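1. Sequence plus predicted model, see below.
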Amino acid sequence: MKYFVKVNGRDHEVQVEEQADQFSVEVDGAPIRVSYEEVDNLGQVAMNVDGMAHAVSIEGDANICHVVMAGFSFEVELEDERERAAHAAERENVGGGVIKSVMPGVVIELLVAEGDVVAEGGPLLILEAMKMQNEIDSPSASRVKTVHVAQGEAVSAGQKLVTLEALEEPE
């Protein structure tokens, strides 16, 4: 799986493939050998990177974490391919437009109806894809013009979900 990783503000592209107890990892196209073992359930990890052992402390969540390794501190932001595609779709629809599914899935719940006004970041619907429920949010304050799907409907990647229209500016 491909990840887009920002370490202390610097962007990297990371490809990870699991192989038994090791991982095949490429960072910015350069291969490295990585294995790890969780020491406890508190974020302490023993890592081996290209034959060198490291004690690593990780705090945070799956998207943003603080990592300490060999006395050095790193702020790490993670985004996988699916998240990056979803965020790109949100950025493209500023001020209205068509919100499309970035992956195949099933509409679990519709959270808006035609005519509703939604705030920037407001939820539009819940899409289940790859056994995960993903909240699809409005990229900007908008009015729901058209809802193209129904609850329980299976959708394909690229299928229209909701059309938004920009809110008119008060004069």
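-> Received, thanks.

2. Flag the shaky bits of the protein, pLDDT-wise.
-> Residues of the chain that meet the criterion pLDDT under 70 lie in 21-22, 86-95, 169-171.

3. Okay, domains of it per the record?
-> The record's domain split for the chain, according to automatic domain parsing, is 2-80, 93-166.

4. I'd like those domains laid out as TSV, including mean neighbour count.
-> No exception for glycine: its C-beta is placed from N, CA and C like everyone else's. Listed next are the domains of the chain as TSV, based on neighbours: other C-beta atoms under 10 Å:
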stretch	mean neighbour count
domain 2-80	12
domain 93-166	16
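
5. contacting residues for Ser73?
-> Applying C-beta atoms under 8 Å, 6 or more residues apart in numbering to Ser73 gives the contacts 66-67.

6. Just the CA trace of whichever strand or helix holds it, in CSV.
-> Applying DSSP states H and E as the criterion places Ser73 in strand 72-80. Extracted in CSV, the C-alpha atoms of strand 72-80 (Å, rounded to 0.1, in the frame of the first residue of the first chain):
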residue,chain,number,x,y,z
PHE,A,72,15.5,12.6,17.9
SER,A,73,11.9,13.8,17.8
PHE,A,74,9.7,13.6,14.7
GLU,A,75,6.2,14.9,13.9
VAL,A,76,4.6,12.5,11.4
GLU,A,77,1.5,12.9,9.4
LEU,A,78,0.2,9.9,7.5
GLU,A,79,-2.3,9.6,4.6
ASP,A,80,-2.9,6.5,2.6
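
7. Please name the strands paired to that strand in the sheet, noting orientation.
-> Counting by DSSP bridges, the strands paired with strand 72-80 are strand 2-7 (antiparallel), strand 64-69 (antiparallel).

8. got these as JSON lines, with distance to Leu110 columns?
-> Shown next, in JSON lines, are the strands paired with strand 72-80 (distance: least, C-beta to C-beta, whole Å):
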{"stretch": "strand 2-7", "distance to Leu110": "30"}
{"stretch": "strand 64-69", "distance to Leu110": "30"}
